[in-house]
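Visitor: A structural model of the following input is requested.
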Amino acid sequence: MRVLLVANTLPPRDISGVGEQVLQLAAGLRQRGHEVEVLGRGPGGARGPKLLFPITVVPACWRALTRFRPHLVQVHESDGALVALLVATLAAVSEPQPRLVALQQVSYVEEIRAVRPLRHEGRVLGRPGGVERRFRWLKGPLQVVLGCVTASLADRVLAPSRRTAREIERDYRVGPVEVVPNVTGGLEVGSAALADPPDEGYLLFVGRLRLRKGVEVLLEALADPRLVGERLVVVGDGEHGEALGRRVRRLGLSERVTFSGRRSAGEVRALLARARALVVPSLYEGMPLVILEAMESGVPVVASAVSGIPEVVVDGETGWLVPPESPPDLARALVEATRSGDEAGRRGRAGRRRLDERFRPRHAVEAWLGAVGGGVLS
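Guide: Down below sits the predicted model:
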């Protein structure tokens, strides 16, 4: 089978969970003997910035379709809407007729709902910035439309978790949506040397600094008197960086919080290896890849019980799950994670076993072939 995978972000050019999953799937399918090409931005692919990818990828995809003649084309996220239209048109006139699969990592309807003030017990912890407000009123609705178009044209729609699948079915009015989990371990990443590595034993956050990631909640939790002396390393950049810096100073956490900026995949692995726990205090997610990376390192995870996270992190077994937007609950979990060394180690080891049992590339390929192979190519 010849498979063409189309994605707007691909490592190493982009630090992207979506892009890494594309490459993980491609590697797994090749191991099964399938021919796979990956089309993204850059030489031989779409030209120009990511913003224009939905348009600029179309001529690149046309060239790939006429040269490679795939049996199946898979697009990722809403940026593949025009490619979906192209494939749907070709399906009626070309031989072999390419079939279309759409993998949706999130529901943009839910992403829009997550753009709101963060609150706890009537107190505002954070407010959307200008970038997020523009997303809510302009880019987000456009992404919903493009997502609906892509999903409606696809022969099969996929999502990385059961929760996300149900959201896509409800919000994009398609179904059934099949689950192909995010995975890790199929690509050579390794660790990178850190120029100024922090001392071991810190809490670690990795992600874009935007409101739905819940870093404000994490900072409030870290100010709990029971966590005096605990340190936090924040990896990532984004529109809320300056606001988070101001909140750190207001809370008196300047000596305990380090903003490490954007890091490569190898550097993230190196930071995970020295961390006490990974903290994921998000309001909304699909299935965060960094959780899988923490599990691979044997690092326990403290996370919000939202979206697909409970399908990966088992509370009391591989980590701690807490309600979103609740600094007291997050602080309680962090106290347990940092003071119970044996228990944290046990949950970290259990996370590694769960990863090996459910979230390796072979599991994604098996799920993909089960969802796509029989239904789309029959």
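
Visitor: Can you classify residue 101 by secondary structure?
Guide: Local secondary structure at residue 101 is given as strand here, using DSSP: H, G, I helix; E, B strand; the rest coil.

Visitor: who does it bridge with?
Guide: residue 74, residue 156 (DSSP bridges).

Visitor: how far away is it from residue 60?
Guide: 18 Å (Cβ to Cβ, to the nearest Å). To be clear about C-beta, it is placed using only N, CA and C from the backbone, and glycine gets the same treatment.

Visitor: Repeat that for residue 342.
Guide: Distance from residue 342 to residue 60, by Cβ to Cβ: 53 Å.

Visitor: neighbour-wise, which of the two wins?
Guide: Set residue 342 next to residue 60 and count neighbours by other Cβ atoms under 10 Å: residue 60 wins out with 20 against 7.

Visitor: Does the more buried one belong to a helix, a strand or coil?
Guide: helix.

Visitor: so it sits right up against residue 48, yeah?
Guide: No. Contact criterion Cβ atoms under 8 Å: residue 60 and residue 48 do not qualify, at 10.8 Å.

Visitor: what is in contact with those two at once?
Guide: Common contact partners of residue 60 and residue 48 (Cβ atoms under 8 Å, 6 or more residues apart in numbering): none.

Visitor: Pretty sure residue 164 sits in a strand.
Guide: No. Counting by three-state DSSP, residue 164 is not found in a strand; it is helix.

Visitor: Could you measure from it over to residue 147?
Guide: For residue 164, the distance to residue 147 - Cβ to Cβ - is 12 Å.

Visitor: Give the intersection of the neighbour lists for these two.
Guide: 104, 107.

Visitor: Tell me where the stretch 101-250 of the chain has helices.
Guide: 108-113, 130-134, 140-153, 162-172, 215-222, 241-250 (DSSP state H, counting those that start in this stretch).

Visitor: just the ones you listed: most buried one?
Guide: helix 215-222 (a mean of 26; mean count of other Cβ atoms under 10 Å).

Visitor: Identify the single longest helix in the protein, thanks.
Guide: helix 341-358 (DSSP state H).

Visitor: For residue 160, which non-adjacent residue is spatially closest?
Guide: Of all residues not flanking residue 160 in the chain, residue 287 sits nearest, at 4.1 Å (Cβ to Cβ, 6 or more residues apart in numbering).

Visitor: in which helix or strand would I find that neighbour?
Guide: Secondary structure assignment for residue 287, by DSSP states H and E: no helix or strand.

Visitor: thinking it is in contact with residue 164, fair?
Guide: Yes. The pair residue 287 / residue 164 is scored as a contact, 7.1 Å apart, by Cβ under 8 Å.

Visitor: Pop the domain breakdown of the protein in here.
Guide: Structural domains assigned to the chain are 2-186+360-376, 202-358, following automatic domain parsing.

Visitor: Show the end-to-end separation of the shortest one, please.
Guide: With Cα to Cα, to the nearest Å as the measure, the ends of domain 202-358 fall 28 Å from one another.

Visitor: Cheers, nothing more for now.
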